[in-house]
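Engineer: coordinates only, sequence not included:
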RNA sequence: GCGGAUGUGGUGAAAUUGGUAUACACGCCAGACUUAGGAUCUGGUGCCGCAAGGCGUGGAGGUUCAAGUCCUCUCAUCCGCACCA
């Protein structure tokens, strides 16, 4: 009954053997034949922190399953990997261990490459890169120069987010709850020079083309990006000071402008408020127009972090008045801590009757509350709260009686007709500040010349590489302190000049690495990538990574793609067709982290059980988008399954092609086993192509093996293993290649055909329900008539039908019979 | 407060998209083989009940012959945004 071959399951030996085989045979290199159908599978590349963690293992197990499946289908697969190797941790490690950041980084990369190999991931070796490679820096600096020339990069002095711990500036996206995204230190505002990418120029397009990603990207990520861009339409207009205020201000300011999304409440404006950082406030401070007490209050407000500002509304009256643009009524001007300096114009019109914030403020400082909208039905008590819903306008001149929402347009039109203001759109999105005052990053290729000002380095001088002989102390910018590095000649006039010592945010590197992977390694040295390679490989068919990049990396990468399109490098708008955001790996209900001491080391798991076990467990325990709870027992279970899968291969008879089986001659158990095998195959195709629920696919193969085990037809065992080791190969590749090599001459690792005949059956089991409640079941011939089925059902369910009247009989083909009874 | 998601056995989770709820696995129980078993194999396992039977997808309603799935309300948990005018 069994074949003669036997295979001992020894994960370490088998896995090492196939890893060597794949390396020797360059098994996973994409072809340069651009006529083949391509598949670009990408997972977010790691920072080389030293060792992989389980989140990485999950990420790459998912992408590897996609990549290996696509290869089986005959696609030309690009499945690259690299290292996002610039960044602060390298520098911090250097400070801590007195090491060199570069040495630290590249040592880590070597170690992690070994881990990738040990996990059997099918990455292209020839396209591996590290973003700290000088070649990568060279091309990146070239892009920076192009972007500067196109006005998409500029340098400006501004109020910036400064992390006192990391001693660098951060982009808005990198400030989480008022704290540094990396070290959680509360950020402070600092006035300094900074380089910015003009991402706001693309705000509308970044927002609009989110529509193209619907269906391919998780809804949650699309919503988060939409909110981050934060587009809002409204009215912008000027508020003019009265004569007394003009005198106070010595006519230096005649007015300030405000933005509102609620123009329909214009007749309800009863005061105005400025941000403490507003230029009029600054003017008054500088010209001693405020009392010491007020100055102290303003200073206090400015020094309070945005998080603490939220706790309590505070205001200071400036003793100035502006005139209502329509009624001419005097409106007092206040400073309010809740007015944001960097949104709109940093000043607002306040309508306390119809805005919760304005209401709180008005109550606190006993300011007028003028209602202009009433509910469509009922009354609203304006002494208790603001009314913020849609209603009917009153005390609003010609707009009285109108629906408040609908009259927004009318009010804007009036302002425009009378040249008092204009329709405006505002965005929450700010330009992306990219300079960092740290060492381990790509230098910005600029030179400061006393005569020529800020000039670009010449492209032929790129890369501007980092010096390796630096002293990293954590105090000050090592590039700035280096004795010689920053001294250079001006590329324009040739005189002595100094280099820019700021380096770039590492999110710049990850904004185009997926394009670099498309470059043919043979042209690696001479070009960043080519249009031809781009148009073949891009866009990424399937991108896999963590939700934590929903805004940061994914927004920046989309921005770069659009910029590169406009610079003529590429011809597509969106880089990632489909995005899968994998869930976190948890242990004891919490995210694995060193500080909690609940980590599981991938190396230890590989050593104990092998890579196949780790991969199988990770893909079996939960669907990829869900959180994954680590469970040692279940890992053991995954190992036992693989061992059983291996042991039972002894039933196979060696063959070079799939055995041909006469289905009709099989007995019932055999037919059932065969059906289970093909069901698993159907499910595999569904899962790899659209559903991504690897857990159900694996369950299907387990069912098939359980079913095979109830019979002893060796042809069926062979056919079953031919198919099952093919569909499991993307998940547990080593054992599948071993089995395939041992029994099938590696001929079965290709796309398998579904045979419809195995699903044909001559009888079926139907459930019988009474009033929708399942009572029993019947077995009938596949082509049995409805009458006979119903009558059999009645017979079988007689017990529940006594003294009852059957009022309806329902037959759901191949599923069930439902008898509706009364009495 | 706004937005998004998720609630199914002791546990991780399935459910052909309105048609036999709990597949597959972990755990647990029993048996076999064993000097031994934390190995392997076989069987059992939603809850209550001695049983007949009843109850069961966070809760309450509703639509339907039929609801985990659709509708309304509600509770809980998680995540994201958060004074954006």
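Structural biologist: Good, I have the coordinates. Since this is a predicted model, take the numbers as computed values, not measurements.
Engineer: which positions in the stretch 401-550 of chain A make contact with RNA strand B?
Structural biologist: The stretch 401-550 of chain A has residues A:426, A:428, A:547, A:550 near RNA strand B, with proximity defined as Cβ under 7 Å from any atom of the strand. In short, each C-beta sits where N, CA and C put it, glycine included.
Engineer: who's in contact with the spatially closest residue to the second one that is not a sequence neighbour?
Structural biologist: Closest residue in space to residue A:428, ignoring its immediate chain neighbours: residue A:230 at 2.7 Å, by Cβ to Cβ, 6 or more residues apart in numbering. For residue A:230, the contacting residues are A:426-429, by Cβ atoms under 8 Å, 6 or more residues apart in numbering.
Engineer: one more pass at 10 Å, please.
Structural biologist: For residue A:230, the contact set (Cβ atoms under 10 Å, 6 or more residues apart in numbering) comprises A:203, A:207, A:343, A:426-430.
Engineer: mark which of those residues are buried, thanks.
Structural biologist: Buried members of those, scored by 16 or more other Cβ atoms under 10 Å, are A:203, A:207, A:343, A:426-427, A:429-430.
Engineer: in the stretch 151-300 of chain A, what residue lies closest to RNA strand B?
Structural biologist: residue A:260 (3.2 Å; Cβ to the nearest atom of the strand).
Engineer: what's the burial count for that residue?
Structural biologist: Using other Cβ atoms under 10 Å, residue A:260 has 24 neighbouring residues.
Engineer: next one: residue A:531
Structural biologist: Residue A:531: 11 neighbours (other Cβ under 10 Å).
Engineer: and residue A:245, by the same measure?
Structural biologist: With other Cβ under 10 Å as criterion, residue A:245 counts 19.
Engineer: my read: the residue of the stretch 151-300 of chain A closest to RNA strand B touches residue A:269, true?
Structural biologist: Yes. Counting by Cβ atoms under 10 Å, residue A:260 does reach residue A:269; the two are 8.8 Å apart.
Engineer: give the residues shared as contacts by these two.
Structural biologist: Counting by Cβ under 10 Å, 6+ apart, the residues touching both residue A:260 and residue A:269 are A:348-351.
Engineer: just the closest of the residues you listed to RNA strand B, please.
Structural biologist: residue A:348 (4.5 Å).
Engineer: just the element for the closest one, please.
Structural biologist: Using DSSP states H and E, residue A:348 maps to strand A:347-350.
Engineer: counting contacts, what elements does that strand pack onto?
Structural biologist: Packing contacts for strand A:347-350, counted by 3 or more Cβ pairs under 10 Å, 6 or more residues apart in numbering; DSSP states H and E, involve strand A:232-241, strand A:255-260, strand A:271-274, helix A:279-286, strand A:330-336, helix A:356-364.
Engineer: any idea how far residue A:356 is from whichever residue of the stretch 401-550 of chain A sits closest to RNA strand B?
Structural biologist: Among the residues of the stretch 401-550 of chain A, residue A:428 lies closest to RNA strand B, at 3.6 Å counting by Cβ to the nearest atom of the strand. Applying Cβ to Cβ, to the nearest Å, the value for residue A:428 to residue A:356 is 19 Å.
Engineer: same question for residue A:718.
Structural biologist: Following Cβ to Cβ, the distance that separates residue A:718 from residue A:356 is 72 Å.
Engineer: more neighbours, those two?
Structural biologist: The residue with more neighbours, out of residue A:718 and residue A:356, is residue A:718; 23 against 11, by other Cβ under 10 Å.
Engineer: A helix includes that one, no?
Structural biologist: Yes. Checked against DSSP: H, G, I helix; E, B strand; the rest coil, residue A:718 lies within a helix.
Engineer: still on that earlier bit, mind checking which of the helices and strands packed on strand A:347-350 is nearest residue A:728?
Structural biologist: For residue A:728, the closest of these is strand A:232-241, at 51.3 Å, according to Cβ to Cβ.
Engineer: lowest-confidence helix or strand of chain A?
Structural biologist: helix A:306-309 (a mean of 68; mean pLDDT, DSSP states H and E).
Engineer: past that one, which element shows up next along the chain?
Structural biologist: Downstream of helix A:306-309, the next assigned helix or strand under DSSP H and E is strand A:315-323.
Engineer: just the buried residues of that next one, please?
Structural biologist: For strand A:315-323, by 16+ other Cβ under 10 Å, it's A:315-316, A:318-323.
Engineer: and if you look at stretch A:202-219?
Structural biologist: A:202-203, A:206-207, A:210, A:213, A:216-218.
Engineer: likewise for stretch A:515-525?
Structural biologist: Result for stretch A:515-525 [16+ other Cβ under 10 Å]: buried residues A:515-520.
Engineer: in strands only, show me these.
Structural biologist: Per DSSP state E, strands hold no members of these.
Engineer: okay, strands next: where are they in the stretch 401-550 of chain A?
Structural biologist: A:421-426, A:432-433, A:435-436, A:446-449, A:453-456, A:487-489, A:496-499, A:503-504, A:540-546 (DSSP state E, counting those that start in this stretch).
Engineer: the closest residue to residue A:694 other than its chain neighbours and RNA strand B, how far apart?
Structural biologist: Spatial nearest neighbour of residue A:694, excluding adjacent residues (Cβ to Cβ, 6+ apart): residue A:619 at 4.0 Å. As for residue A:619, its distance to RNA strand B is 11 Å (criterion: Cβ to the nearest atom of the strand, to the nearest Å).
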